[in-house]
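Peer 1: Next come a sequence and a model predicted from it.
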Amino acid sequence: MTPPVTGSDGSMVEADEAWHPAWLPGAAWRAVGSRRVLVRGAGPVLDTVADELTRAGAEHGGTVRRSTDRPSPEPVDLVFALTPAELPAVPGPLAAPGPLPAAAGAVAADIERRYGPDALGTEGFALARRDGVTVVLADRPAGLLYGLFAVVRLGEAAFDRDRAAEAHRPAADRRMLDHWDNVAVHPVTGQVERGYAGGSIFWRDGRARHDLPRIRAYGRLLAACGVNAVSVNNVNVHATEALLLTDRLGDVAEIAEALAPYAVRVHLSVSFATPVVVGGLPTADPLDERVRAWWTATTRRVYERIPDFGGYVVKADSEGQPGPFAYGRSQADGANLLADALAPTGGVVHWRAFVYNHRQDWRDRSTDRARAAFDHFAPLDGQFRDNVILQVKHGPIDFQPREPVSPVIAAMPRTRVAVEFQVTQEYTGQQRHVCYLAPWWSEVLRFAPWGPDGPTVGTLAAAGGYGAPPPAGGGLVGVSNVGDDRFWTGHPLAQANLYAFGRLAWDPELDPRTILDEWIGLTFPPARAGVDEAVGDQGSVRRILHTVMDDSWRAYERYTAPLGAGFMVRPGVHYGPDVDGYEYTPWGTYHFADRDGVGVDRTGATGTGFTGQYPAPWAQVYESLADCPDELLLFFHHVPYSHVLRDGSTVIQHIYDTHFAGVDEVIAMRHQWVRLAGLVDDRVYARVTERLDEQLRSAREWRDQINTYFFRKSGVPDARGRRIY
């Protein structure tokens, strides 16, 4: 069940002929679409709910009725209704025949009794089943939209038994994807910077694509996993992209209008130098009144054109992007300038904390890129406006397969902090490798910076900080992995990362295996009703995909950079091995391998002092060679190759063993996938097969280069006698 699409010749075509339906194929709607449904409420988002249900009913035989004030004797199986003023908290008119069954009123009363008033908020919903009716209630239209997709996820389980009233609401208010899409093709980074799924769905060759059906389909996928905001252009803002704020604002408005029915708000990445580049001012000094007036007037015009505009995303003083440092001002001065312009309309500025010197001297071992974000931002805690969200990469370097949690997340108790993940797999196989990232993200979100009795990273992202009282939540932000490829993400299995990001942003406590199981059930549902998904072909699909994907992130880690070393990739493209590629460059991120050992000394006693940026107990854990987790050993310590890990192997033998094991795991993935021939769509099967072939080739290259490099450095042979070149 997919929305209608206009083909290039003006005719109507099925959406799944134009692009893959991802986790919303028609068969996933069977349980909902075969029911008698009542929808109560008005407005664009409620119209979306009704339209989705109407299309599902047309495909699967159900009916949809919009409520009126007149009583109706027609029975219903599923109700979607807004609660304010319409559903009393105590038994009343709903007990008699009327626009809604009595079950809905009883559920509303139960929710208020169990959870208190305002339990659902602006996006939450209540779900229950009683007296043969499944009921979804919400205080606001977006809640009903999310409730609809929750019922789709449940399938027949939403109708097979009574269900006590449950309140569901997102942990974080902002669940956002940043598109690193260029309007004009960049000579180095192309149409999409770090994009591995074709071109942009928004822009092409310097102009808007105007592909509104595809944009609406994208908004639909986002709503179904819980994402409620997107930034539509690259954080590296070039000359053409700067005009989106002014001359080309209509193109942004068109995107916003296409996404609004799915409760997705649009944000823009802007250059700090825009008043100079676009506005003709001689300065972008954040304390200059002319600059402040320019941003205020420009922002007002944006909201006049896009009333539900979300705000700005800014990368400043980083990798050549302009910022407040040029004027002797702080990062807080720069962020507050835009925050003040946005404040009257309720917008926010996402100010990225990715600020570091990319012209370092590799000879100087005291230089440490990992320290930079903390050094720049921790002293500014409490100086940012309430509508500034400091956007912090989850690790201190740059989205590596393994690195510690950024200490900045725990260092800003009076600042709204958003945690940034990279859904696009820049350093994790670029969507040519199967690498299900939810287990890695879950580890980050469950990390407790102050020890097991303190809040987790997920809690901090939802609450915004660890102050008393804490500021409002900053939420989660992901760098999008979507492009105009038929499968949205290039690799069909990489869709699971996009889905998982949304689900973890909604609830950081969700289990990655459970999320993957949801995605499999939605994306590969049985073709016929009544099929037991636990047995037969559907059971095989589910089991094989879990076998291929569950441990794929750790498999990728095993055949790439060892023990948290990171950045052993080919410079620029960031794909494939190049152990010394960044070792002597000004970009930082070194591993310091020599004939005696490997790793970066980041201790306070003898190294860069990075360990001291963490609170207790982690500062002490990372400082101690004996206590430091093995998986991060080389990130924090320089050790001899003979250093013994907790499993009894030496560092050098661990490198050999894991790289051989990682390749073996890819071989096993490939063998498992072959078993799905004929059980999944032929086009999906062919694309995944092609990507697995490349993954195996690349994994072997990683294994051979890494093992050969360290064999030649250390002179220590493999204890198992395997071939190393």
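Peer 2: Alright, I've got the coordinates.

Peer 1: From now on I want contacts and neighbour counts done on CA atoms only, so please keep to that.
Peer 2: Will do.

Peer 1: Could you tell me the end-to-end distance of stretch 581-593?
Peer 2: For stretch 581-593, the first and last residues are 13 Å from each other (C-alpha to C-alpha, to the nearest Å).

Peer 1: Name the residues that touch that stretch?
Peer 2: 357-363, 368-370, 397, 565-571, 598-600, 634, 638, 713 (C-alpha atoms under 8 Å, 6 or more residues apart in numbering).

Peer 1: Tell me which residues of it come out buried.
Peer 2: 581-583, 585, 587-593 (16 or more other C-alpha atoms under 10 Å).

Peer 1: How about stretch 40-51?
Peer 2: 40-41, 45-50.

Peer 1: on that earlier part again, among the contacts of stretch 581-593, which ones are buried?
Peer 2: 357, 360, 362, 368-370, 397, 565-569, 571, 598-600, 634, 638, 713.

Peer 1: And the strands in the stretch 351-500 of the chain?
Peer 2: Using DSSP state E, counting those that start in this stretch, the strands assigned to the stretch 351-500 of the chain run over residues 388-393, 416-422, 476-479.

Peer 1: Give the closest residue to Asn707 in space, chain neighbours not counted.
Peer 2: The shortest distance from Asn707 to any non-neighbouring residue, by C-alpha to C-alpha, 6 or more residues apart in numbering, is to Tyr656 (5.8 Å).

Peer 1: count of neighbours near the one you found?
Peer 2: Using other C-alpha atoms under 10 Å, Tyr656 has 27 other residues around it.

Peer 1: my guess is Lys713 is in a strand, correct?
Peer 2: No. Per DSSP: H, G, I helix; E, B strand; the rest coil, Lys713 lies outside any strand segment and is helix.

Peer 1: how much space is there between it and Thr298?
Peer 2: Lys713 is 58 Å from Thr298, where distance means C-alpha to C-alpha.

Peer 1: Run through the strands of the stretch 51-200 of the chain in chain order.
Peer 2: Along the stretch 51-200 of the chain, counting by DSSP E, counting those that start in this stretch, strands occupy 63-66, 78-82, 125-130, 133-138, 163-168, 175-178, 181-186, 190-192.

Peer 1: Can you give the strand pairings for the shortest one, parallel or anti for each?
Peer 2: Under the criterion DSSP bridges, strand 190-192 sits next to strand 181-186 (antiparallel) in its sheet.

Peer 1: just the fifth one next, same as before
Peer 2: The partner list of strand 163-168 in its sheet, established with DSSP bridges, is strand 125-130 (antiparallel).

Peer 1: Check the second one too.
Peer 2: The strands that strand 78-82 pairs with in its sheet are strand 36-40 (parallel), strand 133-138 (parallel) (by DSSP bridges).

Peer 1: and among those strands, the most buried is which?
Peer 2: strand 133-138 (a mean of 28; mean count of other C-alpha atoms under 10 Å).

Peer 1: what's next to that strand, contact-wise?
Peer 2: When contacts are defined by C-alpha under 8 Å, 6+ apart, strand 133-138 is touched by residues 76-83, 103-104, 107-108, 120, 123-129, 143-144, 147-148, 158-159.

Peer 1: Mean confidence (pLDDT) on that strand, please.
Peer 2: In this model, strand 133-138 carries a mean pLDDT of 96.

Peer 1: Tell me the gap between it and the middle of its chain.
Peer 2: Distance of strand 133-138 from its chain centroid, counting by C-alpha atoms, centre = their mean, to the nearest Å, is 29 Å.

Peer 1: sorry, back to before: look up which helix or strand the residue nearest to Asn707 falls in, please.
Peer 2: helix 651-674 (DSSP states H and E).

Peer 1: for that helix, which positions count as buried?
Peer 2: 651-667, 669-670, 673.

Peer 1: Run through who's touching that helix.
Peer 2: Helix 651-674 is contacted from outside by 544-545, 547-548, 555-560, 562, 640-645, 689, 692-693, 695-696, 699-700, 702-703, 706-707, 710, 716, 718-719, using C-alpha under 8 Å, 6+ apart.

Peer 1: got the residue ranges for the helices in the stretch 401-550 of the chain?
Peer 2: 438-446, 457-463, 495-506, 512-523, 536-549 (DSSP state H, counting those that start in this stretch).

Peer 1: Of these, which is nearest Ala529?
Peer 2: helix 536-549 (12.1 Å; C-alpha to C-alpha).

Peer 1: just checking, next helix/strand downstream of the closest one?
Peer 2: Using DSSP H and E, the helix or strand that follows helix 536-549 in sequence is helix 552-559.

Peer 1: who does the helix or strand that that following helix is followed by pair up with?
Peer 2: Using DSSP H and E, the helix or strand that follows helix 552-559 in sequence is strand 597-598. The strands beside strand 597-598 in its sheet (DSSP bridges) come out as strand 639-640 (antiparallel).

Peer 1: State the pLDDT value of Ala410.
Peer 2: 96.
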